[in-house]
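here is a sequence with its predicted model. Questions after.
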Amino acid sequence: MASNKAPTKVVNRSSVSGQFVTDKYAQKHPSTTERQHVRTPPPTKPKR
């Protein structure tokens with residue numbers, strides 16, 4: 001049975017500029033970064 005939940009990916013963003021930042025930067029600057037869960041599109045079936 002298929003799950004209704006879309007696969008998600010965890011990303012880090014700067015609270016100041018909104019740009020994506022690395023995990024290493026986010027760990028060093030926790031007060032200015034936010035973690036987000038972003039839905040990824042389901043895999044498409046190849047056409048024959």
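Perfect, I can see it now. Residues are numbered from 1 along each chain as shown.

in this protein, which spans are strands?
8-14, 20-21, 33-39 (DSSP state E).

who are the packing partners of the shortest one?
Using 3 or more C-beta pairs under 8 Å, 6 or more residues apart in numbering; DSSP states H and E, the elements in contact with strand 20-21 are strand 8-14. Bear in mind the C-beta positions are built from the backbone N, C-alpha and C, glycine included.

next, the buried residues of the strand it packs on.
Across strand 8-14, burial judged by 16 or more other C-beta atoms under 10 Å covers Asn12, Arg13.

which residues sit in contact with Gln19?
Residues near Gln19 by C-beta atoms under 8 Å, 6 or more residues apart in numbering: Arg13.

swap in the one 4 residues further on?
Shown here is Asp23, whose contacts under the criterion C-beta under 8 Å, 6+ apart are Asn12.

and the strands of the chain as CSV, adding distance to Lys47?
Putting the strands of the chain into CSV (distance: least, C-beta to C-beta, whole Å) gives the following:
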stretch, distance to Lys47
strand 8-14, 26
strand 20-21, 32
strand 33-39, 24
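
to Lys45, which of the ones you listed lies closest?
Of all the strands of the chain, it is strand 33-39 that lies closest to Lys45, at 18.9 Å by C-beta to C-beta.
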